[in-house]
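>>> From the sequence below, what's the structure:
(2 chains)
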There are 2 protein chains.
Amino acid sequence: MITNWKEEPKAGVTFPEGFSAAGVRAGIKSLGNDMALLVCESKATVAGTFTTNQVKAACVRYSQRVVKSGTARAVIVNAGNANACNGEQGDLDNRSMAEQVGELLHISPDQVLTASTGIIGHLMPMAKIEAGVGFAVEQLDRGVETDLSATEAIMTTDIYPKYRAVTVDSESWVAPIRFGGMCKGSGMIAPNMATMLAFLTTDAHLPSELLQEALRRAVAVSYNSVTVDGDTSTNDMCILLASGMGGAAISVAGAAFEDFVTALSRFCISLAKEIARDGEGATKLVQVVVKGAETPEAAHKIAKTVAESPLVKTALYGNDPNWGRLLMAAGRAGVPFDADLIDAFIGEFQVCNEGRSVDFDRDGAHAYLKGSKEVEVSLHLHLGEATATVWTCDYSYDYIKINAEYHT
Amino acid sequence: MITNWKEEPKAGVTFPEGFSAAGVRAGIKSLGNDMALLVCESKATVAGTFTTNQVKAACVRYSQRVVKSGTARAVIVNAGNANACNGEQGDLDNRSMAEQVGELLHISPDQVLTASTGIIGHLMPMAKIEAGVGFAVEQLDRGVETDLSATEAIMTTDIYPKYRAVTVDSESWVAPIRFGGMCKGSGMIAPNMATMLAFLTTDAHLPSELLQEALRRAVAVSYNSVTVDGDTSTNDMCILLASGMGGAAISVAGAAFEDFVTALSRFCISLAKEIARDGEGATKLVQVVVKGAETPEAAHKIAKTVAESPLVKTALYGNDPNWGRLLMAAGRAGVPFDADLIDAFIGEFQVCNEGRSVDFDRDGAHAYLKGSKEVEVSLHLHLGEATATVWTCDYSYDYIKINAEYHT
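You can find the predicted model right below:
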């Protein structure tokens, strides 16, 4: 059982023992930091989850191989160019970025993960990349300023940087475990920028198979439960490095491992919610909860369909307690349910009982939607015990503006 | 083979022999016609396709039973109230609407189809409905004015009425076949209005099994290949009535039947494209073509995912030849393909060759998108022979406005 959860307000990806980082400007984007480097001083075990898009950037295919090896020493990230759809030259450029990091840090390039976000179909500006890697290695450091610089370097259209750190304790662990992390959301301002990246660190020791299993479970309830517009990128990835330098070691599945998964999941959810909150043009964070489903998959599918429904998202922007749209969206999720059993809630307001309209306080529900930066809509299917939560944001005029007028 | 195709510019649903109709104001909506009646003077064979949404309005469940019987004499439609999520009272009200039509026309209520579109979760205003049915029966007539009145009566937020008629000839038929039809798109202005309705007539004679098979195939390539925002309604339906009074009779599958399917499909596509063209806030009709897929299902799935991608739709609104978004959307359709084989086109401009950027005329492609009311984007997978086409529209500021601010 988790016995202590301490948010570390001034810390990020270098908070756990063993990690240093840098965020620098290489000049790939027109403004701001655009390359980040994250290094572990010893061999870290590594886990990763990657985009399921059929079109995968060079960095995704490369980093998938590094993750398979079970260990890694560094992650190099660039923003401004996705290095996707660039054929063989893209693979060569990606490899060269890893090789350069390896050379400067005296480690194998096979221990260097790569990540890119930005324009699709443009070759990487390798002279700038090379210079950026050099700067980054020089500036490797720890502490909150570094964490912030590194986070800024992976951003595209995110309005604010998303980084976090926590110290967690459990009765099943011999020592507290620290987690650090940074992520970016799916912003679109220049053509083809849309990527979710997350880089997570911990000082726990776990073998890579367990680490991978923990990350898989944590990502399912966090990053894979966040949706801005349903579009997934060619470059999405989430990487977790475990330095093993914190004292806590988990070698088998069991209570200690379950607590690790719980803590990692909660940590990832807190970062993932920031992605939805900072969705393009968003005026509110929306939590969609589906209860009483027969399976977690069914609950998730319905919650995601509701969260991605443009009609639901525009109604929420308009602060309208339009429960008909919730049911309509749920009904097209491709999951069987009994429409005569379903209850629906907007915040605390029950808006539908057993599939039928109830006489609810429309003005109150409107005021709740209008006055809240975080709102919840929920559906209860009354078919089973499974539950799922998905986070999203509303659709505003600014969503159209950001995505249609970026070229002007 | 189809030998003649004649558009009948001033005709609609009553054009084929045997049909009369009426469109009247019952006062369910705040303005305009809101009830339509369509009658066949003899027993028509009937086919229907209905929403796959788990939440089905009373009229959908009722009309599905009428279609199963194989024949029908009339269709009564109201706009302004969807009669969905109203429990048993909804079923009683729906049945009562059919009974009243039956009584006035001296036919069985089991031969009267019902359709509703409008607000979910409000009981039907039965006094108004009853008065409307009375007016409609009195005003039954033929001709273009009637066709237009009836079409207007099924509209919600459609900007213009969608009706059409054609006379078609084939070397396999003993006489020409006439088709008439009217439809409405998925408009949203009052809470929960979003329904696609289509009512089609023909003077051909076909047994109901063949008629159903023909409609199923025609709907797949027309109404089911149109998407405005991916949301499907509780009330969607498409009904085809065949009076058999035109001389052409098709009793078995074969060349004559295949020509009937071809003609019906083409007729339905012409109506369905109007739904996309008139999508909420649309500035252009977008035709998404996927070629070279292994199966028609795979092609359709990719085309639909591209057509529903908010990032694609906003880029098209912004007139940006952003081919990365096309590939990204295709890649998340859940259909395997080889990203290194794919070609992409925006109009005549090839923007991607074997998964890689090509040096195309960006200004020309921008001008094409900006200057065209109908645009085409296409992808060639080079995996097989299957093709699919899906129609949609772009996402503009007005889409958000219509869907967020309807309550003010």
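
>>> Going by C-alpha atoms from here, please, whenever you check contacts or count neighbours.
OK.

>>> Look at residue A:393 and say how many residues are nearby.
As a burial measure, residue A:393 scores 32 neighbours (other CA atoms under 10 Å in any protein chain shown).

>>> does residue A:76 belong to a helix or a strand, and which?
Taking DSSP states H and E as the criterion, residue A:76 maps to strand A:71-81.

>>> Against which helices or strands is that strand packed?
strand A:35-50, helix A:87-105, strand A:112-119, helix A:144-154 (3 or more CA pairs under 8 Å, 6 or more residues apart in numbering or on different chains; DSSP states H and E).

>>> Show me which residues of the stretch 201-350 of chain A are close to chain B?
A:229-234, A:309-311, A:314-320, A:322, A:324-325, A:327-332, A:334-340 (CA under 8 Å from any CA of the partner chain).

>>> Identify those among those that sit within helices.
Those of these mapping onto helices are A:310-311, A:314-317, A:324-325, A:327-331, per DSSP state H.

>>> Which pair of those spans the longest distance?
Farthest pair in these (CA to CA) is A:317 and A:331. Separation: 21.5 Å.

>>> ok, now which ones touch residue A:226?
A:272-273, A:275-276, A:390-392 (CA atoms under 8 Å, 6 or more residues apart in numbering or on different chains).

>>> hmm, try it at 10 Å
A:185, A:219-220, A:269, A:272-277, A:286-287, A:304, A:307-308, A:389-393 (CA atoms under 10 Å, 6 or more residues apart in numbering or on different chains).

>>> State the distance from the nearest residue to it once chain neighbours are set aside to residue B:269.
Of all residues not flanking residue A:226 in the chain, residue A:391 sits nearest, at 4.8 Å (CA to CA, 6 or more residues apart in numbering or on different chains). Look at residue A:391 and residue B:269: by CA to CA, to the nearest Å, they are 37 Å apart.

>>> neighbour count winner among these two?
Taking neighbours as other CA under 10 Å, residue A:391 and residue B:269 compare with residue A:391 leading, 29 against 22.

>>> just to revisit the earlier point, want to try TSV for the ones in helices among the residues of the stretch 201-350 of chain A next to chain B, with neighbour count as columns?
Below are those laid out as TSV (neighbours: other CA atoms under 10 Å in any protein chain shown):
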residue	neighbour count
A:310	24
A:311	28
A:314	23
A:315	28
A:316	26
A:317	24
A:324	26
A:325	26
A:327	28
A:328	27
A:329	29
A:330	29
A:331	27
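
>>> Give me the buried positions along the helix or strand that contains residue A:370.
Secondary structure from DSSP H and E places residue A:370 in helix A:362-371. By neighbour count with 16 or more other CA atoms under 10 Å in any protein chain shown, helix A:362-371 contains the buried residues A:365-366, A:368-370.

>>> With stretch A:261-278 instead?
Neighbour-count burial for stretch A:261-278 [16+ other CA under 10 Å]: A:261-265, A:267-278.

>>> centre of the chain versus that stretch, how much separation?
7 Å (CA atoms, centre = their mean, to the nearest Å).

>>> mind saving the C-alpha coords of that stretch as CSV?
Provided in CSV are the C-alpha atoms of stretch A:261-278 (Å, rounded to 0.1, in the frame of the first residue of the first chain):
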residue,chain,number,x,y,z
VAL,A,261,2.5,0.3,-10.9
THR,A,262,0.0,2.2,-8.8
ALA,A,263,2.5,5.0,-8.1
LEU,A,264,3.8,5.1,-11.7
SER,A,265,0.2,5.2,-13.0
ARG,A,266,-0.8,8.0,-10.7
PHE,A,267,2.3,10.0,-11.7
CYS,A,268,1.6,9.4,-15.4
ILE,A,269,-2.0,10.4,-15.0
SER,A,270,-1.0,13.7,-13.4
LEU,A,271,1.3,14.5,-16.4
ALA,A,272,-1.2,13.2,-19.0
LYS,A,273,-4.0,15.4,-17.6
GLU,A,274,-1.9,18.4,-18.3
ILE,A,275,-1.8,17.4,-22.0
ALA,A,276,-5.6,17.5,-22.1
ARG,A,277,-5.8,20.7,-20.1
ASP,A,278,-3.4,22.3,-22.6
